[in-house]
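>>> below is the sequence, then the predicted model.
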Amino acid sequence: MVNLIRSALNSIKLGYRIARLKLSHVNSAPTIEYNKIADSYDEHYLKYVGKSALEMFEKLQIISGQHILDLACGTGFFTHLLAEKVGNQGKVFAVDFSSSMLELNKKKAQEQNFSNIIFIQSDALSFLESLPDHSTDGVVCAWAIGFMDHRKLSQELERVVKPGGFIGLIENKASSMKDCADLLIKVMMDYPEAIVKNIDVNLPKDKKYLVKNFCQRNFLVQHAWDGSVIVPCKNGNEVVNHLMKSGGLSVLVDSLKKTIIPQFFDKFIEYANEQFAKGKDGLVKYEFCAVVGKKVYDTNVISKKVRKD
């Protein structure tokens, strides 16, 4: 009975704390944490979701000589594929807010002798806003629109992409990592005082959301799909290790009181191990959605296509 009362009180405290943090507009920022995990990002994130991203790349209509933006380029998964595809006459603009990610991307590009990549440290929306109308042949953005205002992003993509150009977006869905998220909420209820910043992430619901928000005006939907990837973890320590080194907890870690972080994740490991002991599989499951669209001017064509799909 005492534990139930304590749990109820902590739940109220957590709800109150989250509400106050939202009103304060003191948001967590993943930049510092992403700088820390640049060296482990490929091995712990792209190793598993890379095939899904490659599927999107293969659907893009890239032509030699094009100028393409790689927004939130990270360590260069898309950057180098794009650079090879557009050739020496083309350009790839690799944009990321993380200096460490950009440096690693640049190092890998130099090792492959790419000379057609321009590296820019900036957040994606600010960079898009600095560009002239119809100034790029295509825009790729992987695993990052959750950190952006979708309405503004859609407007900027419509403005900067040339007619006949393309967009390729892929992102984790709001349902992604649900089992891990449930355990994290359980830990937050144990430590409501641990949360000191608002967690502001805006993940899409599914492919229909991407179509509705990014392909209703000047983009014709060419492909839209949902998918999932399970990361094989055997215990709570492996789950935390993966999430910490892949960037999966970057926003959360920045939102936590630093002195509580060790015990916070010790408790998460305890809860995760309880799930594994019960035979729970697929605790780390990424669910994602993607869309590829082509820029056109005839909005009637787009309307008919969306209704048909």
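Received the coordinates, thanks.
>>> and the nearest residue to Q89 once chain neighbours are set aside, what's its pLDDT?
Leaving aside its sequence neighbours, Q89 sits nearest to G65 (Cβ to Cβ, 6 or more residues apart in numbering; 4.2 Å). Heads up, the C-betas are built off the backbone N, CA and C, glycines and all. Listed pLDDT for G65 reads 98.
>>> give the contact list for G65.
For G65, the contacting residues are 86-87, 89-90, by Cβ atoms under 8 Å, 6 or more residues apart in numbering.
>>> tell me the spacing between it and V92.
12 Å (Cβ to Cβ, to the nearest Å).
>>> who touches both of these two?
Residues touching both G65 and V92 (Cβ under 8 Å, 6+ apart) are V86.
>>> low-confidence regions, the stretch 201-309 of the chain specifically.
The model of the stretch 201-309 of the chain has pLDDT under 70 over residues 298-309.
>>> quick one: the helices in it?
Ranges of helices in the stretch 201-309 of the chain, per DSSP state H, counting those that start in this stretch, are 207-214, 236-246, 250-255, 261-277, 299-308.
>>> other SSEs contacting the longest one?
Right, the one you point to is helix 261-277. helix 178-190, helix 236-246 (3 or more Cβ pairs under 8 Å, 6 or more residues apart in numbering; DSSP states H and E).
>>> output those helices as JSON lines; include the columns mean neighbour count and distance to D42.
Converted to JSON lines, those look like this (neighbours: other Cβ atoms under 10 Å; distance: least, Cβ to Cβ, whole Å):
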{"stretch": "helix 178-190", "mean neighbour count": "17", "distance to D42": "21"}
{"stretch": "helix 236-246", "mean neighbour count": "20", "distance to D42": "10"}
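>>> need these in JSON lines with distance to I230, can you?
Below are these laid out as JSON lines (distance: least, Cβ to Cβ, whole Å):
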{"stretch": "helix 178-190", "distance to I230": "11"}
{"stretch": "helix 236-246", "distance to I230": "11"}
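>>> out of the ones you listed, which is closest to L220?
helix 178-190 (32.4 Å; Cβ to Cβ).
>>> got the angle for the closest one vs helix 236-246?
Interaxial angle of helix 178-190 relative to helix 236-246 (axes from the mean of the first three to the mean of the last three Cα atoms, to 10 degrees): 100 degrees.
>>> helix 178-190 - contacts with which helices or strands?
helix 2-24, helix 261-277, strand 285-295.
>>> alpha carbons of the shortest one, as PDB, please.
Meaning strand 285-295. Extracted C-alpha coordinates of strand 285-295, given in PDB (Å, rounded to 0.1, in the frame of the first residue of the first chain):
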ATOM      1  CA  LYS A 285      13.000  -1.800 -31.800                       C
ATOM      2  CA  TYR A 286      13.300   1.100 -34.200                       C
ATOM      3  CA  GLU A 287      10.200   1.900 -36.100                       C
ATOM      4  CA  PHE A 288      10.600   4.400 -39.000                       C
ATOM      5  CA  CYS A 289       8.800   6.000 -41.900                       C
ATOM      6  CA  ALA A 290      10.100   7.400 -45.100                       C
ATOM      7  CA  VAL A 291       9.000   9.400 -48.200                       C
ATOM      8  CA  VAL A 292      10.500  10.300 -51.500                       C
ATOM      9  CA  GLY A 293       8.900  13.100 -53.500                       C
ATOM     10  CA  LYS A 294       9.400  15.000 -56.700                       C
ATOM     11  CA  LYS A 295       8.900  18.700 -57.100                       C
END
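>>> so which elements touch it?
With contacts taken as 3+ Cβ pairs under 8 Å, 6+ apart, strand 285-295 sits against helix 47-59, strand 161-172, helix 178-190, helix 207-214, strand 219-230.
>>> out of the ones you listed, indicate the one that is most buried.
strand 161-172 (a mean of 21; mean count of other Cβ atoms under 10 Å).
>>> check the offset of that strand from the chain's centre.
The chain centre lies 16 Å from the centre of strand 161-172; the measure is Cα atoms, centre = their mean, to the nearest Å.
>>> so who does E43 touch?
The neighbourhood of E43, defined by Cβ under 8 Å, 6+ apart, consists of K245.
>>> need the helices of the stretch 201-309 of the chain in CSV with distance to T79, can you?
Converted to CSV, these look like this (distance: least, Cβ to Cβ, whole Å):
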stretch, distance to T79
helix 207-214, 21
helix 236-246, 19
helix 250-255, 20
helix 261-277, 32
helix 299-308, 29
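>>> so which of those helices is nearest L82?
helix 207-214 (19.4 Å).
>>> what about V160, neighbour count?
Neighbour count for V160, taken as other Cβ atoms under 10 Å: 21.
>>> quick check: chain neighbours aside, which residue is closest to it?
Nearest residue to V160 in three dimensions, chain neighbours excluded: L131, at 4.8 Å (Cβ to Cβ, 6+ apart).
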